[in-house]
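# sharing a model prediction with you, sequence too.
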Amino acid sequence: MKLFRMAAVLLAVLAGPAYAQMPNLNLLQEGPGKTPEEKAAEAERDKAYKETLKKIPDTKASNDPWGGMRSDPPKQAAAPKASAATSAPKKKSGTTAN
């Protein structure tokens, strides 16, 4: 009997989190359908909402604080050379110039 009680407690503890994740499904309609007057009022609200959205001005150009600092668009990366062995060897010097 004690084993049965412990098994029931263990099952209840394990089932709690799983039950909390279950979606709340309601297969029955929550109320009667809309009357024609309610449908007309909803259509009028939707129309007024869409008209209001049309009145909102378009967005302006982006406000880029670094836009004036760029002189030209970035250049494409140079194509890699075919072979490093065919290129001329680099000269080594004792100083580095930047």
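Looks like it came in fine.
# could you export the worst-scoring helix or strand of the chain on mean pLDDT as CSV, CA atoms only?
Lowest by mean pLDDT, DSSP states H and E among the helices and strands of the chain is helix 2-20, with a mean of 78. In CSV, the C-alpha atoms belonging to helix 2-20 read as follows (Å, rounded to 0.1, in the frame of the first residue of the first chain):
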residue,chain,number,x,y,z
LYS,A,2,2.8,2.3,0.8
LEU,A,3,4.4,1.6,-2.5
PHE,A,4,1.1,2.4,-4.3
ARG,A,5,0.9,5.8,-2.5
MET,A,6,4.4,6.7,-3.3
ALA,A,7,3.8,5.8,-7.0
ALA,A,8,0.7,8.0,-7.0
VAL,A,9,2.6,10.9,-5.5
LEU,A,10,5.4,10.5,-8.0
LEU,A,11,3.0,10.4,-10.9
ALA,A,12,1.2,13.6,-9.6
VAL,A,13,4.6,15.4,-9.3
LEU,A,14,5.7,14.5,-12.8
ALA,A,15,2.3,15.3,-14.4
GLY,A,16,2.1,18.8,-12.9
PRO,A,17,4.5,20.5,-15.2
ALA,A,18,3.2,18.6,-18.3
TYR,A,19,-0.3,19.7,-17.5
ALA,A,20,0.8,23.4,-17.2
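# and the next helix or strand past it?
Using DSSP states H and E, the helix or strand that follows helix 2-20 in sequence is helix 36-55.
# what residues sit buried inside that next one?
For helix 36-55, the neighbour count (16 or more other C-beta atoms under 10 Å) marks no residue as buried. Every residue, glycine included, has its C-beta placed from N, CA and C.
# hmm, who's touching that helix?
If you take C-beta atoms under 8 Å, 6 or more residues apart in numbering as the criterion, helix 36-55 is touched by Lys34.
# before I go, just wanted to say thanks for your time.
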